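In: Give me coordinates for this.
(2 chains)
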Amino acid sequence: MAHINLPDGLAGPRGPMTLRPEAAVPLSQLAEVLLRGPSALTRAERELIGTYVSSENDCRYCQTIHGAVAAHYLGGDEKLVRSVKRDFLSADISPKLKALLNIAGKVQQSGKSVTTKDVERARNQGATDLEIHDTVLIAASFCMMNRYVDGLAAWTPDGDDFYRRRAATLAEQGYVGSVSH
Amino acid sequence: MAHITLPEGLPGITGLLAFRPETAEPMRMLSEFLLRGPNSLTSAEREIIATYTSSQNDCYFCQMGHGAAASHHLGGNLKLIDEVKRDFWTAPISDKLKALLAIAGKVQKGGKQVTTEDIESARQAGATDLEVHDTVLIAAAFCMYNRYVDGLATWAPRDPELYLAMGARLAEVGYVNSSAPIPVAVAD
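Out: Model (predicted):
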């Protein structure tokens, strides 16, 4: 049960966000820009970064929904998503994404864990300043959302179907207005 | 030196906000609402929650800036901020704020660290659902900001006067309108 009174039927952060629409707007906008806005990183890559960080933070809701969104963008490749969570270094993804996931993993631990070597490794694989910036901010923002959801013990539905359906909606309609749609 | 090339002379998060305005805008809006919006918790209390979280995350820039903002809201009480950071249980603050700081401290470690007992203690001290919600979200948001600021190794000046000026600006002008850079000495 959630730690506070939340409306029924809204999973993850959506219930808490109804309590504070003035916070929901910028939170949704930040997600939309970071995860779906113009970027050299594909939407799938960015969702994989979010999924990986959420799994490191052991947040079931966030890793499942964003894993499902990533899989949706990848034509249903749930196996790849699982392999990234389990061991991204051996997953079938680009060396650049591996270097960025390494940075994301460091951010998850603490901002100060990111070393110049981590950043250099990413640059050697072709990552730009913007991609490094966005990787750090995506990872940091998931550290916020994971704590928001689990800190309030918000509803985390069981079963994969819920997440696949919800992922399709998010992939098509995005994060702005996602509390209501 | 920062991990990416940022505009000169802009400390901490300010360089990052200048670097990427599309993400700056929602973050400014979020901070403005969380820390200065209408709330049963005072801005001082909310800035204290932010400062405490930042100090637990060992983020110098954030704890100094927001500590100064909290102090400014209180008419200038940096001593209180130091006491809260050192040991909030014995600081001269309300029982309710102590219980909320305990929740913030748990959120800083991980969402699942918050227990029903923590929530119950906050309720007993008079905290409402909304105050608990806001405490969790402020602590969570600062877990983002601290990682953003330190994750890109931004410049954190060591001049206390700078943070006093920053705190006054944040307290009086807030997070959305204060886009003019705070004058600082050139980074070394």
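
In: Dump the C-alpha coordinates for stretch B:121-135 into PDB.
Out: Taking Å, rounded to 0.1, in the frame of the first residue of the first chain, the C-alpha atoms of stretch B:121-135 are listed here in PDB:
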ATOM      1  CA  SER B 121       6.400   9.400  12.900                       C
ATOM      2  CA  ALA B 122       5.900  12.200  10.500                       C
ATOM      3  CA  ARG B 123       2.100  12.000  10.800                       C
ATOM      4  CA  GLN B 124       2.400  11.900  14.600                       C
ATOM      5  CA  ALA B 125       4.500  15.100  14.400                       C
ATOM      6  CA  GLY B 126       1.700  16.700  12.400                       C
ATOM      7  CA  ALA B 127       2.800  16.200   8.800                       C
ATOM      8  CA  THR B 128       0.000  16.000   6.100                       C
ATOM      9  CA  ASP B 129       0.000  13.600   3.100                       C
ATOM     10  CA  LEU B 130       1.000  16.600   0.900                       C
ATOM     11  CA  GLU B 131       3.900  17.500   3.100                       C
ATOM     12  CA  VAL B 132       5.200  13.900   3.100                       C
ATOM     13  CA  HIS B 133       4.700  13.900  -0.700                       C
ATOM     14  CA  ASP B 134       6.600  17.100  -1.200                       C
ATOM     15  CA  THR B 135       9.400  16.000   1.200                       C
END
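
In: Identify all contacting residues around stretch B:115-126.
Out: A:3-4, B:94-96, B:98-100, B:102-103, B:106, B:131-132, B:135 (CB atoms under 8 Å, 6 or more residues apart in numbering or on different chains). In this view, the C-beta of every residue, glycine as well, is placed from N, C-alpha and C.

In: again with stretch B:98-105
Out: Contacts for stretch B:98-105 (CB under 8 Å, 6+ apart): A:151, B:41, B:45, B:48-49, B:52-53, B:56, B:84, B:88-89, B:91, B:93, B:114, B:118-119, B:121-122, B:124-125, B:127, B:131-132, B:135-136, B:138-139.

In: Please pick the buried ones from the contacts of stretch B:115-126.
Out: Buried residues within these, counting neighbours by 16 or more other CB atoms under 10 Å in any protein chain shown: A:His3, A:Ile4, B:Lys96, B:Lys98, B:Ala99, B:Leu100, B:Ala102, B:Ile103, B:Lys106, B:Glu131, B:Val132, B:Thr135.
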